[in-house]
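Chemist: Following is a predicted model, sequence given first.
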Amino acid sequence: MTYNIVDHGNWLPYTRDAVLSEEGFPLVPAGTIFCKRESDDVDWYDFSRAKGSFAEGSVLVACLKTDLGYITQAVYTDPQRMFPQNCMLIEVQGWEGEKPHNTFSLKVYDPEAGTFSEIPVPVQPVITYKKDIWVRATDEEADTIEHVLAQQTTRKQRIFNEATYLDHADPLFAELLAGFVTAFGTERAGQLLAGSEA
């Protein structure tokens, strides 16, 4: 499906003075949060209600900047329901479908490529608690482990002794695994250093 994406800029919150009626009653209380575009300070309500701001039938998507990139948040076809505070607002023109939030909500938006992708699922770290290694080992294997560790440099021995667990993503784990494989074979080394249950 082809569609066009229009970048409507970043929108920031701000407050105004209270707006009073002729009788002095507050129509808009002081401290009410409004929203303005960062680049030109245009007010969101003024912009969203102005004719020609958005194409007929387009989809508005608020995108929040995060460590993972821009994550899409609110998705509406009605500008009056949108409030893009602290977000970049994009307009998707020409999209055809019945439920735009199913297509555009909670996605990673790439402004350079104009594409949407799934949010990457973080990889769960695999760790092995050192206590589990000793529990799994026989007495003879424990003696061999001590011998394997004694062959390491003082620095690596200290790192092993001070740690409460081994992170499988750490380069030092790969070295330790290699030593275990040499001492016990691949299968048994995998059993001894298998990830611990949370």
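Modeler: Arrived safely. Numbering: from 1, shown residues only.
Chemist: looking at the protein, which helix or strand does the model trust least?
Modeler: In the chain, the helix or strand scored least confidently by mean pLDDT, DSSP states H and E is strand 26-28, which has a mean of 74.
Chemist: Report all helices and strands that that one contacts.
Modeler: strand 19-20 (3 or more Cβ pairs under 8 Å, 6 or more residues apart in numbering; DSSP states H and E). Placement of C-beta: from N, CA and C, glycine included.
Chemist: remind me, longest strand of the chain?
Modeler: strand 4-15 (DSSP state E).
Chemist: what does that one contact?
Modeler: The contact list for strand 4-15, computed with Cβ atoms under 8 Å, 6 or more residues apart in numbering, reads 30-40, 44, 47, 55, 58, 84-94, 111, 114.
Chemist: how far does it sit from the chain's center?
Modeler: Relative to its parent chain, strand 4-15 has a centroid offset of 21 Å by Cα atoms, centre = their mean, to the nearest Å.
Chemist: Could you tell me the average pLDDT over it, please?
Modeler: Averaging pLDDT along strand 4-15 yields 94.
Chemist: buried stuff in that strand?
Modeler: By neighbour count on 16 or more other Cβ atoms under 10 Å, the buried set for strand 4-15 is 5, 8-12.
Chemist: which of those lies closest to Asp67?
Modeler: Nearest to Asp67 among the buried residues of strand 4-15 is Asn10, at 17.2 Å by Cβ to Cβ.
Chemist: Quick check: that closest one vs Arg81, distance?
Modeler: Asn10 sits 20 Å away from Arg81, going by Cβ to Cβ, to the nearest Å.
Chemist: what does Ser58 give?
Modeler: When distance is defined by Cβ to Cβ, Ser58 is 14 Å away from Arg81.
Chemist: Pick out whichever of the two has more residues nearby.
Modeler: Ser58 (20 against 11; other Cβ atoms under 10 Å).
Chemist: where do the strands sit along the protein?
Modeler: Counting by DSSP E, the strands of the chain are 4-15, 19-20, 26-28, 33-37, 59-66, 69-76, 87-93, 107-110, 115-118, 127-129, 165-167.
Chemist: Alright, I will stop here.
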